[in-house]
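**Student:** The sequence isn't on hand, but the structure is:
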């Protein structure tokens, strides 16, 4: 344990002045933009002043130094206070900060990584702590160095279940390098929070989740300095500082009063409010902090996670029957042969997603997140920040629905996290509709910048894993429980935005675009139709986003404009939608959608494919109906 050295009077005075300048600048910026959250920013000003100029080790001129401490503003609406703190460091000019919320400004209403000192986007409340836990895990178990992670939460967002998922994760993995600060300012947006100023109950709850919980006056910089020191010396668990604060602290006529959330100070009140805050300051000459932040004391080192390749190529026999999910873990193992920064996260489904194969090979690079999918996604986003790892999350694809807001925010975070969803579609059979992902393609296609791949066999699954590992943005790979035959040669070249023509002959009458289970059905249908003298072109979609417009359109034109898409997915947002959107500016196309239309139920897979008319017999009938 290190000895505590209390700040001297001069430093205490300076920290208080920094706090008040943070308040004033927050008021000025939100008033200029005519929107924002000055009262929420004012409640956390002392916390930020102490963190940025007493506690955190970082270099203001290199905000994303991999060796530096991290800060996550989970209560993202209070970002004016965070931006103002960076003004104090000298890294951000006050003029740039005053562009808050303006067109073209990176200083948006909630923080995003467009700003060089922001690691993750926040503002969808309840998500910051999970991402901070991922960063802390990276520091302790991946980089194995001493940088620490601090996460500031609002008291209102602590009602979110995702916060407690993160609490459980952090205590389970003994993330003593993680400090959460709950800004208990009592007031939510529309009324008082459920606990108000009952800081004792917040502490009891944090303690029950295995945290070192400490109550503190959030406006007393001396207390904050002392308790942050105690947090650093807690070596076996994460620490939660429960800070009692006042919303609108120092803002005359608004402090601790309801009705001012998200409202800039009225023009007629601003001078009076700012004047009263300035009256509390010791040195009015200083415009930025005179204190110098402590610098990192260790070197996390450089990491290269680019151009990662499979350690060996796919090695399968054409016609072999194997479920794509069975190949997922093996593909990760092959990647890890060339990169020790591949990390697999799973939600207690590793024996179904086969990420267990990766755990067996590299147990120290596997993170069990248990049945807490929201937190798994948040942890992965944090783990991947500053390009320290390539993260893969896996579970049943249906369960990613629960974490969709976290995935959506992952895109706002500019994350490169990859997702593998197994047990897709009605082809899983008797487990029933609660386990069937039938909207997953639509979900991930809607994510800006996402790559969505749907491998049909073992060969394409291995290549899909390799591709998304090397692609910026969110990657999604759709996996199945059902076994499918290997249809691609081991040396087949796959690429994002490319589909594969698996069957084509001169004189074909219809083009069929399908994926995995329905690709097998399409190939079976093609054999039946061939026996009746009808040729069809069959395309393996592989890349659902982006779609290979050129390959599909060329085939459709060659078959007289006749096109069928068939998929084990709801009609909305899946293969059919993706292809239709890609061809929307083309004329003369007769497009038939075959998809799961209606709510499914428990039954053997073959019965379900027949019932929902996406099996080979239904494809044969649809082709014939188009030729009448």
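**Tutor:** Nice, thanks for sending it over. Note that this is a predicted model, so its numbers are computed, not measured.
**Student:** Helix, strand or coil: sort out the residue lying closest to residue 611 once chain neighbours are set aside for me.
**Tutor:** The shortest distance from residue 611 to any non-neighbouring residue, by Cβ to Cβ, 6 or more residues apart in numbering, is to residue 603 (7.2 Å). Heads up, the C-betas are built off the backbone N, CA and C, glycines and all. Judged by DSSP: H, G, I helix; E, B strand; the rest coil, the three-state class of residue 603 is coil.
**Student:** Tally up the residues packed near residue 603, please.
**Tutor:** Close neighbours of residue 603, defined as other Cβ atoms under 10 Å, add up to 15.
**Student:** How many residues are close by residue 261?
**Tutor:** By the other Cβ under 10 Å criterion, the neighbourhood of residue 261 contains 18 residues.
**Student:** ugh, wrong one, residue 306
**Tutor:** Applying other Cβ under 10 Å, we find 10 other residues in the vicinity of residue 306.
**Student:** Please report how far the residue nearest to residue 611 lies from residue 522.
**Tutor:** Summarising the geometry, the distance separating residue 603 from residue 522, computed by Cβ to Cβ, to the nearest Å, is 22 Å.
**Student:** how long is stretch 188-201 from one end to the other?
**Tutor:** Counting by Cα to Cα, to the nearest Å, you get 17 Å between the two ends of stretch 188-201.
**Student:** And the average pLDDT for that stretch is what?
**Tutor:** Average pLDDT, stretch 188-201: 98.
**Student:** what does it contact?
**Tutor:** 155-156, 159, 184, 186-187, 202, 215, 242-244, 258, 261-262 (Cβ atoms under 8 Å, 6 or more residues apart in numbering).
**Student:** CSV for those residues, including distance to residue 517 and secondary structure?
**Tutor:** As requested, the contacts of stretch 188-201 are arranged in CSV below (distance: Cβ to Cβ, whole Å; DSSP: H, G, I helix; E, B strand; the rest coil):
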residue, distance to residue 517, secondary structure
155, 48, coil
156, 45, helix
159, 41, helix
184, 52, strand
186, 54, coil
187, 53, strand
202, 49, helix
215, 56, strand
242, 51, strand
243, 53, strand
244, 57, strand
258, 56, coil
261, 50, coil
262, 48, coil
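**Student:** follow-up on the earlier one: mind listing what the residue nearest to residue 611 touches?
**Tutor:** 429, 430, 611.
**Student:** Residue 602 too?
**Tutor:** Under the criterion of Cβ under 8 Å, 6+ apart, the contact list for residue 602 reads 429, 430, 431, 432, 433.
**Student:** which residues touch the first one?
**Tutor:** This points to residue 429. Residues counted as contacts of residue 429 (Cβ under 8 Å, 6+ apart) are 481, 602, 603, 604, 605, 608.
**Student:** From residue 545, how far out is the spatially closest residue to the fifth one that is not a sequence neighbour?
**Tutor:** Just to be clear, that refers to residue 605. Once its chain neighbours are removed from consideration, residue 605 has its nearest residue in residue 429; the separation is 4.2 Å (Cβ to Cβ, 6+ apart). Residue 429 sits 27 Å away from residue 545 when distances are taken as Cβ to Cβ.
**Student:** do residue 200 as well
**Tutor:** 50 Å.
**Student:** Check residue 332 too.
**Tutor:** Shown here: residue 332 relative to residue 545, a distance of 22 Å by Cβ to Cβ.
**Student:** Work out the gap between stretch 319-338 and the centre of the chain.
**Tutor:** Taking the mean C-alpha point of stretch 319-338 and that of its whole chain, the gap between them comes to 24 Å (Cα atoms, centre = their mean, to the nearest Å).
**Student:** buried sites along it?
**Tutor:** Within stretch 319-338, the residues that qualify as buried by neighbour count (16 or more other Cβ atoms under 10 Å) are 322-336.
**Student:** tell me, what residue is most central in this protein?
**Tutor:** Computing the C-alpha centroid of the chain and ranking residues by Cα atoms, centre = their mean puts residue 410 first, at 2.9 Å.
**Student:** Let's verify that one: helix, strand, or coil?
**Tutor:** The three-state label given to residue 410 by three-state DSSP is helix.
**Student:** List the residues that contact it.
**Tutor:** Neighbour list for residue 410: 377, 381, 417, 447, 474 [criterion: Cβ under 8 Å, 6+ apart].
**Student:** same thing with residue 168?
**Tutor:** Taking Cβ under 8 Å, 6+ apart, one finds 209, 210, 370, 372, 375 in contact with residue 168.
**Student:** swap the cut-off to 10 Å and go again
**Tutor:** Contact partners of residue 168, counting by Cβ atoms under 10 Å, 6 or more residues apart in numbering, are 133, 209, 210, 211, 369, 370, 372, 375.
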